[in-house]
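>>> I'll drop the sequence and a predicted model, then ask my questions.
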Amino acid sequence: MFKKVTILSLAAAAALMATPGAVFAQTKLKWAHVYETSEPFHTASVWAAQEIGKRTNNRYQIDVYPASQLGKETDINQGLALGSVDIIISGSSFAAKSYPPIGVTYYPYTFRDADHLLAYTKSDVFKELAKGYADKTGHQIVAVTYYGVRQTSSNKPIKACADMKGLKMRVPDVPAYLAMPRACGANTAPIAFAEVYLALQNGTVEAQENPLTTIEAKKFYEVQKHIVLTGHIVDHLNTVVAGNLWKKLSEEDRKIFTAVAQEAAAKATNEIKANEAKLVAFFKDKGLTVTEVNKDEFRGAVIKAISFESFDYRKSDWDRIQAVK
C-alpha cells in the first residue's frame, strides 16, 4: 500500500511539473516611489516590474506603489531597512542621510548638464560612493535615472540671488537642497511633496524648486506666476534594492534585477530629456513668465556661504566629479 501511494505521489508531481502554467512558489515584492502615475519614473518602474517577472519565469511578482502610497520619501527609504518595501526609486540626497558622502552630487552647480551626470554614473567615484552606501546600509544601488535640472517657480519675480531674500519657499528637508535658497536668503519650509500644490495655492509658501517635468506633472504651474531657470541642481534618482532582498537573490537574479533596472532607467532618462526640452514653451503658453538668471552669481553665493564639510561631503569627491568628461 505504501509503495502504491508513493508511486502515485511521484506520478502526480511529475504531471504537475509537465503541466504548462504549473504553479510555483512566487515571491511578492513591493516597489515604491513618490511620483505620479503619468511620470516616466512610474511607467518605467511598472515596465521593470513586469520584465523582471518575465525574465525570472514569474518567480517574482512585483507590485509598484506610486504617488507616496507607501509613505513619503523619508518613509520609503526607512522602509528598506524595516522590510515594508523591497525596491525604491529615490534621490542620493535621501541616501545621504545614511551615508553623507554620496550626497555630494546635490551640492549646487556640481554638474554641467545631464550628460555630465550620466558620465559620472559610469565613473570610479560613483562606484566608490555607491559601495560606501552599500557597506553602510546593505542596500544596493542598481541603476540611476536622470531626474531633470532643478529650477525655481515663484509668485514673485526673481532676476538675481538677492531677489530671493525673505521668500517663503518649499524645499525638501534635505541639507543640500536647502543650500542655494538659504545662500540667497530665502525662508525655507520642508513641506511634504504630496502637499506642495495646496501649500502654494493657499499661500503657505510662495515658491518651490523642482525640475520642469515635475512642475508640469504636479501642475504647480497652475498656482505659480514665474518659472526662474536657476538650474541649481542636475538631479537624479537611484533604483535601490533593500539589503535583505539583495542577500537572498542568487547571482543570476542579481544580474537580471540590475540589467532590467538599468534598461528602465535609460527609458525614463530619454523620456525626461525629451519632455524637458519642450517645457519652457509650454509654460510660456500657460501665461507664466520664464526668466533666465546669471547662474555664476548664484553659484558664487553658494560657494561663499556653504562649505562642503557642513554637509559631511568630501571636496575631493566633488573635485573628481568636476574632472569627469
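Perfect, I can see it now.
>>> So D115 versus N58, what's the distance?
For D115, the distance to N58 equals 37 Å [Cβ to Cβ, to the nearest Å]. Using the backbone N, CA and C atoms, a C-beta is placed for each residue, glycine as well.
>>> What of F283?
Separation of F283 from N58 (Cβ to Cβ): 44 Å.
>>> out of these two, which sits in the busier spot?
For F283 versus N58, the count of surrounding residues by other Cβ atoms under 10 Å is larger for F283: 20 against 13.
>>> Shouldn't the more buried one be within a helix?
Yes - counting by DSSP: H, G, I helix; E, B strand; the rest coil, F283 is part of a helix.
>>> okay, it: pLDDT?
If you check F283, the pLDDT there is 98.
>>> so what's it closest to, chain neighbours aside?
With Cβ to Cβ, 6 or more residues apart in numbering as the criterion, F283 has its nearest non-adjacent residue at 5.0 Å, and that residue is I227.
>>> For the one you found, grab the count of nearby residues.
Counted with other Cβ under 10 Å, residues neighbouring I227 total 25.
>>> How about the backbone phi and psi for A207?
Main-chain torsions, A207, degrees, to the nearest 10: phi -150, psi 170.
>>> Pretty sure it sits against L167.
Yes - using Cβ atoms under 8 Å, A207 is in contact with L167, at 5.5 Å.
>>> Looking at the two, which is more packed in?
More crowded of A207 and L167, by other Cβ under 10 Å: A207, with 26 against 20.
>>> And that one, what's its pLDDT?
At A207, the model reports a pLDDT of 98.
>>> Skipping its backbone neighbours, what lies nearest it in space?
Leaving out its chain neighbours, the residue that sits closest to A207 by Cβ to Cβ, 6+ apart is S154, at 3.8 Å.
>>> for that neighbour, what are its contacts?
Taking Cβ atoms under 8 Å, 6 or more residues apart in numbering as the criterion, S154 is in contact with 167, 169, 206-207, 224-226, 228.
>>> again with A160
Neighbouring residues of A160 by Cβ under 8 Å, 6+ apart: 293-294, 297.
>>> repeat that with 10 Å
184, 293-294, 297-298, 301 (Cβ atoms under 10 Å, 6 or more residues apart in numbering).
>>> again with K97
With Cβ under 10 Å, 6+ apart, K97 has these contacts: 74, 77-78, 103, 173-175.
>>> returning to that earlier point: among the contacts of S154, which are located in strands?
Using DSSP state E, the members of the contacts of S154 that fall within strands are 169, 207, 226, 228.
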